[in-house]
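> here's a sequence, model it:
(2 chains)
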Protein chains: 2
Amino acid sequence: MSKNPTILITNDDGITAPGISHLISIAKNIGDVFIVAPDKPQSGMGHAITINSTLRAIPTKYHNVEHEYSCSGTPVDCIKIAINQLMKHKPDIILSGINHGSNLSINVIYSGTMSAAVEGAVEGIPSIGFSLCDYAHEADFTQGTEFIEKIINSVLKNKLPKGVCLNVNIPKLTKDVIKGIKVCRQANALWEESFDERKDPYGRPYYWLTGEFKNLEKNQQILMCGQMKTDL
Amino acid sequence: MSKNPTILITNDDGITAPGISHLISIAKNIGDVFIVAPDKPQSGMGHAITINSTLRAIPTKYHNVEHEYSCSGTPVDCIKIAINQLMKHKPDIILSGINHGSNLSINVIYSGTMSAAVEGAVEGIPSIGFSLCDYAHEADFTQGTEFIEKIINSVLKNKLPKGVCLNVNIPKLTKDVIKGIKVCRQANALWEESFDERKDPYGRPYYWLTGEFKNLEKNQQILMCGQMKTDL
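Sure thing, here's the model as predicted:
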């Protein structure tokens, strides 16, 4: 490539989340980074867009990058406003994440991280969502660095087929025991939800969405990277 | 059917919208209606769910139905809380709409109306999203009544294949010139967005998402029901 590739980065955990910081640090070594990320957590926003209210895109310096905006909208809004308003040219690649937690199976439909990547694919731009299969507060986002670099460089070189984006899940394992990259289909799984009903101080009910993720695969190892074995 | 079917109804324009009122009036003649619909407009919410805050589901009497809740969440939240918390048994069918405006092509991914139907399909419940291809304030939601009844009854009788829901778009035409029902694939189309940049009273920029819907089909009649001919 004669010039540096332009790398648009977003996420759904918000512009100050540790996952996007690590992704930016990797991307800075590969090309010119352009950040448009939500100003607050947007997990579970799926493919939502903002059509009944206005959007803000405020220049920031959280990541010490020349082009960096904190956006009041969803991850998909971030992609749309970046491509159609803030950037002079379409990016060479879109990266979303690193999500704090896995994006497996049916979760892709609810995920803001993956919806941003899907929106990139709709726009014909090679797009990758990255997720770390670790929900812990102290999750180590650095363990997948080598693989993330490899995947970004490979997609920049080879592009992706039309309408295809990548959903990369990094197991909760140290680098030395990860054997490599495995291309998988989405697992057949779903959420069995239950709502936690509580009473507010005035006696009125309110609810928290909770649930259990059910793997319906006969081979229970498929895409359950939370419990992923090192040979997967 | 030995007992009345249970019909769960939601929408994305909000529980007081004219489209859901008309859908309820049709469904009341077919089975026992259970309403869980958003307490405010939720257009463009796609498959968003509420995971970082609480949900309310307040019993209401807008539609004079025994089981009727105004929900603070998205259309997909409405389906989840209905099935997993508010209803004693899963419904026989889920209806979403009637949306005020079409749901064609790529719009399905952004649509709260259709995402509610998709969520129903994920849950294994026959689900249909209805949309009227008329954005006018005075849009006449009654013109498709006969077809809506026919489609609901047909789906109740025949069910739908696993993982399939229906996206029904009713053209802006009077009943006497609609020739029948046509099963279509989604068109190849996308939005070419532009953002309308304005200044707030303090001189700071904000944006409205706007755009033009581009039909990329060679046969421009496919699924463009806003300009649909009567022979489609």
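> contacts, neighbours, all on C-alpha from now
Will do.
> list the buried ones in stretch A:170-177?
Along stretch A:170-177, these residues count as buried under the neighbour rule (16 or more other CA atoms under 10 Å in any protein chain shown): A:170-173.
> do stretch A:148-160 as well
Neighbour-count burial for stretch A:148-160, counted by 16+ other CA under 10 Å, picks out A:148, A:151-152, A:155-156, A:159-160.
> let's see it as CSV, backbone CA atoms only.
Provided in CSV are the C-alpha atoms of stretch A:148-160 (Å, rounded to 0.1, in the frame of the first residue of the first chain):
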residue,chain,number,x,y,z
ILE,A,148,-5.6,-8.8,16.2
GLU,A,149,-2.6,-7.3,14.3
LYS,A,150,-2.5,-10.4,12.1
ILE,A,151,-6.2,-10.3,11.3
ILE,A,152,-6.2,-6.5,10.6
ASN,A,153,-3.2,-6.8,8.3
SER,A,154,-4.7,-9.8,6.5
VAL,A,155,-8.1,-8.0,5.9
LEU,A,156,-6.3,-4.8,4.7
LYS,A,157,-4.4,-6.9,2.2
ASN,A,158,-7.1,-9.3,1.1
LYS,A,159,-10.3,-7.4,1.8
LEU,A,160,-13.5,-9.3,2.5
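> ok, and what's touching the biggest helix by length in chain A?
Ranked by residue count and defined by DSSP state H, the top helix of chain A is helix A:145-158. The contact list for helix A:145-158, computed with CA atoms under 8 Å, 6 or more residues apart in numbering or on different chains, reads A:5, A:26-27, A:30, A:92-93, A:126, A:180-181.
> next secondary structure after that helix?
strand A:166-170 (DSSP states H and E).
> ranges for the helices of chain A?
Assigned by DSSP H, the helices in chain A fall at A:18-27, A:75-81, A:107-110, A:112-122, A:145-158.
> possible to save the ones you listed as CSV with mean pLDDT?
Listed next are the helices of chain A as CSV, based on pLDDT from 0 to 100:
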stretch, mean pLDDT
helix A:18-27, 98
helix A:75-81, 98
helix A:107-110, 95
helix A:112-122, 97
helix A:145-158, 97
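> thinking again about what came up before, among the contacts of helix A:145-158, who's most crowded?
Neighbour counts for those (other CA atoms under 10 Å in any protein chain shown) peak at A:Pro126, which has 27 neighbours.
> that one contacts A:Asn167, correct?
No: with contact defined as CA atoms under 8 Å, A:Pro126 does not reach A:Asn167; the gap is 11.8 Å.
> ok so, going back, same list (the contacts of helix A:145-158) but as CSV, adding distance to A:Met45.
Shown next, in CSV, are the contacts of helix A:145-158 (distance: CA to CA, whole Å):
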residue, distance to A:Met45
A:Pro5, 29
A:Ile26, 26
A:Ala27, 25
A:Ile30, 29
A:Asp92, 25
A:Ile93, 22
A:Pro126, 21
A:Gly180, 31
A:Ile181, 28
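> from these, which is closest to chain B?
Nearest to chain B, judged by CA to the nearest CA, of the contacts of helix A:145-158 is A:Pro126 at 16.9 Å.
> got the phi/psi numbers for the closest one?
A:Pro126 has phi and psi values of phi -60, psi 130 when expressed as degrees, to the nearest 10.
> for A:Asn99, see how far away it is.
18 Å (CA to CA, to the nearest Å).
> how about A:Pro75?
If you measure A:Pro75 against A:Asn99 using CA to CA, the figure is 12 Å.
> and the two? which has more neighbours close in?
Using other CA under 10 Å as the criterion, A:Pro75 and A:Asn99 rank with A:Pro75 on top: 34 against 31.
> measure the more buried one to chain B for me?
Noted for A:Pro75: a distance of 11 Å to chain B, by CA to the nearest CA, to the nearest Å.
> thought A:Ile15 was touching that residue, still the case?
No: in this structure A:Pro75 lies outside contact range of A:Ile15 using CA under 8 Å: 10.6 Å.
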